[in-house]
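*Asks:* Just the structure for this:
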Amino acid sequence: YRQVMDAAKRLKGVVTRTPIMQSSYINRVTGCNVFFKCENFQKTGVFKFRGAMNAVQLLNDDVTAVGTHSSGNHASALTKAAVLSGRDAHIVMPSNAPLIKQNMVRSYGGNIIFCEPTLKSREETAAKMQQETNAELIHPYNDPRVIYGQGTMGVELIEDGPSRLDCILVPIGGGGMITGI
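*Replies:* Sure, this is the predicted structure:
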């Protein structure tokens, strides 16, 4: 809890405080008041910027480059965070990553290293990239610094949302969002 609250303070004014919105249609269909935390309005268009920026802000000043393996969302978020902090970003992406995600990483200034589309290849290529570039590896979802940054969504939901929430539903892909909530 304390680490998430520290991340919220650290990221204040750096990440976008995204709106909480409702849909009258969804409310009517469900018979409930449903609130959406609109992370599509976050920098880079995804919640992952929160975790990436938190991780980058916690780096020592002598770290000049970061790296990760990602198909796109963490890749673009980490690249943006790295560039904003004056660091290089080396991104291992599978060869079948969507072109739009590749273009986003490139547009933010990231260096893409392609690999085969398997977890083993991602991890091996990332380890090689780290050795060659001396980049600090920031894992997309298995890094406490990232997790605490993602948790700032929950802080905002509690601070800005209704006074009572009966349930919080969180989509799960890699698990990075729910671990912080």
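*Asks:* Which stretches in this structure count as helices?
*Replies:* 2-11, 24-30, 48-57, 73-84, 99-108, 119-133, 144-150, 152-160, 176-180 (DSSP state H).
*Asks:* I'd like the distance from the shortest one to the chain centre, please.
*Replies:* Right, the one you point to is helix 176-180. In terms of Cα atoms, centre = their mean, to the nearest Å, the centre of helix 176-180 is found 10 Å from the chain centre.
*Asks:* and that helix, what does it pack onto?
*Replies:* Identification of packing neighbours for helix 176-180 by 3 or more Cβ pairs under 8 Å, 6 or more residues apart in numbering; DSSP states H and E yields helix 48-57, helix 144-150, helix 152-160. Any C-beta I mention is one placed from the backbone N, CA and C, and that applies to glycine too.
*Asks:* Return the most buried member of those helices.
*Replies:* Stretch with highest mean neighbour count among those: helix 48-57 (a mean of 29; mean count of other Cβ atoms under 10 Å).
*Asks:* So for it, mean pLDDT?
*Replies:* The average of the pLDDT scores along helix 48-57 is 97.
*Asks:* How confident was the prediction at residue 164?
*Replies:* On pLDDT, residue 164 comes in at 87.
*Asks:* Need phi/psi at it.
*Replies:* According to degrees, to the nearest 10, the main-chain angles of residue 164 amount to phi -140, psi 130.
*Asks:* Ok, residue 64 next?
*Replies:* Backbone geometry at residue 64, expressed as degrees, to the nearest 10, gives phi -100, psi -10.
*Asks:* Tell me how many other residues crowd it.
*Replies:* Here the number of neighbours of residue 64 (other Cβ atoms under 10 Å) works out to 14.
*Asks:* what's the residue nearest to it when sequence neighbours are not counted in contact with, if anything?
*Replies:* In space, and not counting its chain neighbours, residue 64 is closest to residue 87: 5.8 Å by Cβ to Cβ, 6 or more residues apart in numbering. Residues in contact with residue 87 (Cβ atoms under 8 Å, 6 or more residues apart in numbering) are 56, 59, 63, 64, 65, 66.
*Asks:* nearest to residue 158, of the residues you listed?
*Replies:* Minimum distance to residue 158 across these is 24.9 Å, recorded for residue 56 (Cβ to Cβ).
*Asks:* pretty sure the closest one is touching residue 85, no?
*Replies:* Yes. In this structure, residue 56 is within contact of residue 85 by Cβ atoms under 8 Å, at 5.1 Å.
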